[in-house]
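Colleague: Structure for this input, please:
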Amino acid sequence: MAGHNAPSLSDVLDGKAIPIVTQETDPKKGTEPLIDGVPASKAFRHREIMLLQAVVEKYGKSLGPEVTASSLVNEFLGAGPEDKIGKDVASFDSRGALDIDTSVDMEVNGEEENEGASISSHLSEFNERTKYIPLRLTLPERKLLRLCEAALNVSEYTDKVDILSWKSKTGRIHEQIRDICAILSGLAVAADYETGQKMIRDRSFEDNADYFAMVFEIGRRHKILNPECMRTDYGKLIHMLMDSQHPDIQRLLEFKFVKKVLTVNDFLREKDCLNLLKHPDIILATTAIVDRGRSRAEVQQAIRQKESAVKRLINKFSSDDISEEEIEWCLYSIGDNSSFLVFNRDPVDHMIEYLTTNFPENLSNDSRRSLAIRAGSKGARLSHGHSQQFQYALQSLTLWREIQNDMFKLWCLAEEDLLDSGNYYSLRDTGQGLNRVQSAPRIGRAMHEILHRSQRKVGSWIGSSVVHLGDHNVPNALTFIDKYTQVPRILNPIVNVIEAIPRLVENERVLEVIEKAHGSVKDCQLDILQDFYKHAFDGSGADNFYDAGSCIDGRLTSAWNWCNKLDKKGYYPIFKLAGFTGFDGSFKN
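Modeller: All right, here's what the predicted structure looks like:
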């Protein structure tokens, strides 16, 4: 790509610039446009074959024994010159062969990014990230949060609204929303008599619309900052706000509940202090300090440097418009995001490091530490040699890492999709009960950007790149967010156990048990990791390959399935000795 105005690779990958698509001029490669690095005709054929296989798998008995995936492909699509199955290797009817695009080489731009990006590029990325970092709650806001949680806790909103009934749904929604407002008003009296007295005296919810919107915004902001909190109440809150946006409900309520979540960037813009985000000290002042691999002296030095950077920023930017406490609050809010990344993104980094260090890609399939899997063996539904499974696990973990890195942004976009007044939902039975099926265009665009970024990082892509959104697998953006907040809940316990094993063997009896079962401490760690990399990414966990298999969401489904079978594993006692209690955590606040 030539020209002075052409965007750099780093800008394109970070989403800061739009890529310029050029036609291939090499006559040997042809001029057919590419989709994710694959010729368009080939990509569409792969997709069509995948759908025909899914039809046969689900309706094969009704169609009759003479109708097979191979016959449908030959009848409707004809023979393809470059089909990866259907030749001598396997057939279109083979289980585990649904995802056709299993060895696509991604063409990576020949330009190399400069090592160590400039400070200005770091600050530019930092400024963009603060647009999606919610502002930490103040003490008065925490009191209102308790009111919000209490009102939602006693509410039976979804039980009353999301049911199949002959009665008017609009009437049920209106009644439940007013009930929640009445509960909030009563709790407000108990919490702050003067404020509550005014609300009760007016007897009008419309006059207190700003108060209700503020309380619900505080609840949403708290949830984004603390995904482990409000695990049941948040669903009620979002469903209620979704319904309140409907035009029919708006005509009845005559006021709005939804307001934008307050972010650090919004607050600083309001205070005319965005220059704070451009100062070089901002990164040092908000980076979480991790003691992993550091001595006590190094940690203490890092703390002192961070405190000094915070003081310098406060002294420089405090003014009549923004106080020292407000600047400090913004810095702490950004620091909350850094701490979030330590807990949610770092476990994925550790698992990638374990994979690349202990199971190199060039291992043979016959090696003791090979990750090769075969469909039908130990529940696997995919067949991969070691190098393929290595790449498949690596790219899945890389994708999860990028999602966790952008989780605050994805959460804000998810709420925009969910609370869009023009984005209606339908109540449908998805096979897992009644769910609100709703499109998620903003999340879809963001996920495709993340997917392409991940594909370029790993250099190749094994399996399908289908992202389920707005269907029976992932009905809406709330389900999507809930799925990917599970990633650290799955990986953190594994990393903790791997790191705890050397400490456990200080007890001679535990050492004896481990040596008898695994041979050595290192072998015990590798046995656990090897089983995870093989069977948490084996396409299992659903009734058909369209729901699990190797699609983007199916990879997480397989990991859930591995977690569900953990208590049947031979190394489960090691998990219990290391303090493991479960993957899901507590649903209580």
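Colleague: Tell me how far Leu72 lies from Lys61.
Modeller: Leu72 sits 15 Å away from Lys61, going by CB to CB, to the nearest Å. (C-beta placed from N, C-alpha, C; glycine too.)
Colleague: ah, wrong one, I meant Ala380
Modeller: 25 Å.
Colleague: likewise Arg428?
Modeller: From Arg428 over to Lys61 the distance is 24 Å, taken as CB to CB.
Colleague: Tell me which of those two has more neighbours.
Modeller: Ranked by neighbour count (other CB atoms under 10 Å), Arg428 and Lys61 place Arg428 first, with 13 against 7.
Colleague: isn't Ala414 right next to Leu478, touching?
Modeller: Yes: counting by CB atoms under 8 Å, Ala414 does reach Leu478; the two are 6.6 Å apart.
Colleague: Just want the most central residue of this structure.
Modeller: Closest to where the C-alpha atoms of the chain average out (CA atoms, centre = their mean) is Tyr484, at 3.2 Å.
Colleague: Quickly find the element holding Lys143.
Modeller: Assigned by DSSP states H and E, Lys143 belongs to helix 139-154.
Colleague: Check which helices and strands that helix sits against.
Modeller: Counting contacts by 3 or more CB pairs under 8 Å, 6 or more residues apart in numbering; DSSP states H and E, helix 139-154 packs against helix 169-191, helix 209-225, helix 233-244.
Colleague: Any buried residues in that helix, and which?
Modeller: Going by neighbour count (16 or more other CB atoms under 10 Å), the buried part of helix 139-154 is Glu141, Leu144, Leu145, Leu147, Cys148, Glu149, Ala150, Ala151, Leu152.
Colleague: And the residue nearest to the first one when sequence neighbours are not counted, how close does it get to Pro227?
Modeller: Spelled out, it's Glu141. Using CB to CB, 6 or more residues apart in numbering and skipping residues adjacent in sequence, the residue nearest Glu141 is Ile218, 5.1 Å away. Plainly put, Ile218 is 16 Å away from Pro227 if you go by CB to CB.
Colleague: do the same with Arg456
Modeller: 28 Å.
Colleague: go on, Leu556?
Modeller: 16 Å.
Colleague: Any stretches of the stretch 101-250 of the chain with poor pLDDT?
Modeller: Where the stretch 101-250 of the chain drops to pLDDT under 70, the residues are 101-120, 166, 190-193, 195-205.
Colleague: Least confident secondary structure element in the chain?
Modeller: Within the chain, judged by mean pLDDT, DSSP states H and E, the helix or strand with the poorest mean is strand 104-105; its value is a mean of 36.
Colleague: Check which residues of the strand or helix carrying Lys316 are buried.
Modeller: For Lys316, the host element (DSSP H and E) is helix 296-317. Within helix 296-317, the residues that count as buried by 16+ other CB under 10 Å are Ala302, Lys306, Ala309, Val310, Leu313, Ile314, Phe317.
Colleague: Identify the residues contacting it?
Modeller: 273, 275-276, 279, 281-282, 284-285, 287, 289, 291, 294, 324, 327-328, 331 (CB atoms under 8 Å, 6 or more residues apart in numbering).
Colleague: cool, and stretch 138-147?
Modeller: Under the contact criterion CB under 8 Å, 6+ apart, stretch 138-147 has outside partners Leu137, Leu184, Leu187, Ala188, Ala191, Asp192, Met214, Val215, Ile218, Gly219, His222, Trp329.
Colleague: Provide a list of residues in contact with the first one.
Modeller: Yep, that's Leu137 we're talking about. Leu137 sits next to Leu145, Ile218, Arg221, His222, Leu225 when contact means CB under 8 Å, 6+ apart.
Colleague: continuing past the least confident helix or strand of the chain, what's the next helix or strand?
Modeller: Sequence-wise, the next helix or strand downstream of strand 104-105 (DSSP H and E) is helix 119-129.
Colleague: Against which helices or strands is that next one packed?
Modeller: Looks like helix 119-129 contacts helix 281-286 (3+ CB pairs under 8 Å, 6+ apart).
Colleague: how close does Cys412 get to Ile224?
Modeller: 7 Å.
Colleague: how about the nearest residue to Ile352, chain neighbours excluded?
Modeller: Nearest to Ile352 is Leu397, by CB to CB, 6+ apart, at 5.0 Å.
Colleague: ok, now which ones touch the one you found?
Modeller: Shown in contact with Leu397 (CB under 8 Å, 6+ apart): Val348, Met351, Ile352, Leu355.
Colleague: how many other residues sit next to Asn405?
Modeller: Number of residues near Asn405 (other CB under 10 Å) recorded here: 17.
Colleague: ok, it touching Arg345?
Modeller: Yes: Asn405 sits in contact with Arg345 when judged by CB under 8 Å, with a separation of 5.5 Å.
Colleague: Would you confirm that Phe537 belongs to a helix?
Modeller: No: judged by DSSP: H, G, I helix; E, B strand; the rest coil, Phe537 forms no part of a helix; its state is coil.
Colleague: distance of the closest residue to it other than its chain neighbours from Arg555?
Modeller: In space, and not counting its chain neighbours, Phe537 is closest to Ala393: 4.9 Å by CB to CB, 6+ apart. Relative to Arg555, Ala393 is positioned 9 Å away (CB to CB).
Colleague: any residues in contact with both of these two?
Modeller: Phe537.
Colleague: returning to that earlier point: contacting residues for the residue nearest to Glu141?
Modeller: Applying CB under 8 Å, 6+ apart to Ile218 gives the contacts Leu137, Glu141, Leu144, Leu145, Cys148.
Colleague: hmm, try it at 10 Å
Modeller: By CB atoms under 10 Å, 6 or more residues apart in numbering, Ile218 lies in contact with 134, 137-138, 140-145, 147-148, 261-262.
Colleague: Which single one of the residues you listed is nearest to Ser367?
Modeller: If you rank these by distance to Ser367 using CB to CB, Pro134 comes first, at 47.6 Å.
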